[in-house]
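J.: Provided below for reference: sequence and predicted model.
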There are 2 protein chains.
Amino acid sequence: MKNRDLDQALMREALRLAGSAARRGEVPVGAILTDHGKVIARSANATLRRKDPTAHAEVLVIRKAARLLRNHRLEGLTLYVTLEPCLMCLGAMVQARIARCVFAASDPKVGAASTLALPRVQKGVNHRFPVEGGCLGDDASKLLREFFKSRRRKSPAAG
Amino acid sequence: MKNRDLDQALMREALRLAGSAARRGEVPVGAILTDHGKVIARSANATLRRKDPTAHAEVLVIRKAARLLRNHRLEGLTLYVTLEPCLMCLGAMVQARIARCVFAASDPKVGAASTLALPRVQKGVNHRFPVEGGCLGDDASKLLREFFKSRRRKSPAAG
């Protein structure tokens, strides 16, 4: 399978996890960690259910993979996530020493993918890796849009 | 108690937690979350023991407080930590909506306290709060220095 096809196949799996988060009332974001195309761990956003502000899909999948591999470093792994990571999640990827991050939809509000490229930030980061956006971005954006639209319908006052 | 005295008293408690982490072989960093001077939760760095790259003292204390308060938002709380937070921990504080962060020692390598002041980063962060350094910084630096010195003694090859 070509690299681009492999990325899309793996992102489709992350999108399925995002869909399952939506059905539980969580903002639909899914993430998987892979080792040369093999899935090591899967997670979806669970901040509300877990009452945990750090329970973003990326942090959960990193914690799960580290537990499974019995190693707090995840060198060589690629993380697929359906939404552009925030500052915390990027920082978690730095701590875990992942090799690459691929995300689907951009997050114009709190997305921090470009932060790692800032010279001032690079100075304070002891691990660098590529963060690539746009893999199945339209599918992920559609899922998020539909989630927020249905949530507004359910609570018009909060709209 | 004056604000500065209160900050120092609370940081002393965080330093005790850092000391206990050192005795377990973890890099000595301790953190507490407080509500108007009352301690809500305490944690210390546990990345090695937990095999979890996200198990920094700050992330652990945020997760603990959120669980105790049954709320993924920790508005109004102040976080004391013995070492300047990294990018991940700052991002976790943004997610938790804490009101203020006080740290002891600066971390010239991966400390990210000043990152939040960068205009490009502020644009992508939906919550702002003061991050103040230097409270009992010398005590925290001494603890860290002694820890790394003793670790080098134990494994000279890794020195």
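T.: Cool, got the structure.
J.: Per-residue pLDDT of residue A:159, please?
T.: On the pLDDT scale, residue A:159 is placed at 40.
J.: now do residue A:119
T.: On the pLDDT scale, residue A:119 gets 78.
J.: what's the burial count for it?
T.: For residue A:119, the count of nearby residues is 6 (other C-beta atoms under 10 Å in any protein chain shown). Yep, even glycine has a C-beta here, placed from its N, CA and C like the rest.
J.: With the one 4 residues further on instead?
T.: Residues within reach of residue A:123, counting by other C-beta under 10 Å, total 13.
J.: try residue A:138
T.: Neighbourhood size, residue A:138 [other C-beta under 10 Å]: 10.
J.: same thing with residue A:3?
T.: For residue A:3, using other C-beta under 10 Å, the count is 8.
J.: how much space between residue A:114 and chain B?
T.: 7 Å (C-beta to the nearest C-beta, to the nearest Å).
J.: can you pull the contacts of that residue?
T.: residue B:120 (C-beta atoms under 8 Å, 6 or more residues apart in numbering or on different chains).
J.: 10 Å instead?
T.: By C-beta atoms under 10 Å, 6 or more residues apart in numbering or on different chains, the contact list for residue A:114 reads A:84, A:106, A:121, A:131, A:133, B:120, B:121, B:123, B:124.
J.: Doesn't it lie inside a helix?
T.: Yes. Under DSSP: H, G, I helix; E, B strand; the rest coil, residue A:114 sits within a helix.
J.: rewinding a little: tell me which of the contacts of residue A:114 fall in helices.
T.: Mapping the contacts of residue A:114 onto helices (DSSP state H) picks out A:121, B:120, B:121, B:123.
J.: returning to that earlier point: can I get the contacts of residue A:114 in JSON lines with distance to residue B:146?
T.: As requested, those are exported to JSON lines (distance: C-beta to C-beta, whole Å):
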{"residue": "A:84", "distance to residue B:146": "41"}
{"residue": "A:106", "distance to residue B:146": "46"}
{"residue": "A:121", "distance to residue B:146": "30"}
{"residue": "A:131", "distance to residue B:146": "37"}
{"residue": "A:133", "distance to residue B:146": "44"}
{"residue": "B:120", "distance to residue B:146": "38"}
{"residue": "B:121", "distance to residue B:146": "34"}
{"residue": "B:123", "distance to residue B:146": "41"}
{"residue": "B:124", "distance to residue B:146": "38"}
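J.: What subset of those is buried?
T.: Neighbour-count burial (16 or more other C-beta atoms under 10 Å in any protein chain shown) applied to the contacts of residue A:114 gives A:84, A:106, A:121, A:131, A:133, B:121, B:124.
J.: Residue A:63: neighbour count?
T.: 24.
J.: tell me the SS of it?
T.: Per three-state DSSP, residue A:63 ends up helix.
J.: Isn't it up against residue A:50?
T.: No. Contact criterion C-beta atoms under 10 Å: residue A:63 and residue A:50 do not qualify, at 11.5 Å.
J.: so where do the strands sit in chain A?
T.: With DSSP state E, the ranges of strands along chain A come out as A:30-35, A:38-44, A:78-83, A:100-105, A:131-132.
J.: Is the last one in proximity to chain B?
T.: No. Using C-beta under 10 Å from any C-beta of the partner chain, no contact is recorded between strand A:131-132 and chain B, whose separation bottoms out at 13.0 Å.
J.: Likewise for the third one?
T.: No. Contact between strand A:78-83 and chain B is absent, the nearest approach being 12.2 Å (criterion: C-beta under 10 Å from any C-beta).
J.: what mean pLDDT does that strand have?
T.: 98.
J.: and it, which strands flank it?
T.: If you go by DSSP bridges, strand A:78-83 pairs up with strand A:30-35 (antiparallel), strand A:100-105 (parallel).
J.: Mind checking those strands for the one nearest to residue B:78?
T.: Taking C-beta to C-beta, strand A:30-35 is the member of the strands paired with strand A:78-83 nearest to residue B:78, at 30.9 Å.
J.: Flag every buried residue along that closest one.
T.: Applying 16+ other C-beta under 10 Å to strand A:30-35 flags A:30, A:31, A:32, A:33, A:34 as buried.
J.: between that strand and strand A:38-44, how many degrees?
T.: 160 degrees (axes from the mean of the first three to the mean of the last three C-alpha atoms, to 10 degrees).
J.: chain center to strand A:30-35, what's the gap?
T.: 8 Å (C-alpha atoms, centre = their mean, to the nearest Å).
J.: What mean pLDDT does it get?
T.: 98.
J.: what comes up buried for the longest helix that chain A contains?
T.: In chain A, assigned by DSSP H, the helix with the most residues is helix A:3-23. For helix A:3-23, a neighbour-count test (16+ other C-beta under 10 Å) marks A:7, A:8, A:10, A:11, A:13, A:14, A:15, A:17, A:18, A:19, A:21, A:22 as buried.
J.: Take those and lay them out in JSON lines including distance to chain B and pLDDT.
T.: Shown next, in JSON lines, are the buried residues of helix A:3-23 (distance: C-beta to the nearest C-beta, whole Å; pLDDT from 0 to 100):
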{"residue": "A:7", "distance to chain B": "24", "pLDDT": "98"}
{"residue": "A:8", "distance to chain B": "26", "pLDDT": "98"}
{"residue": "A:10", "distance to chain B": "21", "pLDDT": "98"}
{"residue": "A:11", "distance to chain B": "22", "pLDDT": "98"}
{"residue": "A:13", "distance to chain B": "22", "pLDDT": "98"}
{"residue": "A:14", "distance to chain B": "19", "pLDDT": "98"}
{"residue": "A:15", "distance to chain B": "23", "pLDDT": "98"}
{"residue": "A:17", "distance to chain B": "19", "pLDDT": "98"}
{"residue": "A:18", "distance to chain B": "18", "pLDDT": "98"}
{"residue": "A:19", "distance to chain B": "22", "pLDDT": "98"}
{"residue": "A:21", "distance to chain B": "14", "pLDDT": "97"}
{"residue": "A:22", "distance to chain B": "18", "pLDDT": "97"}
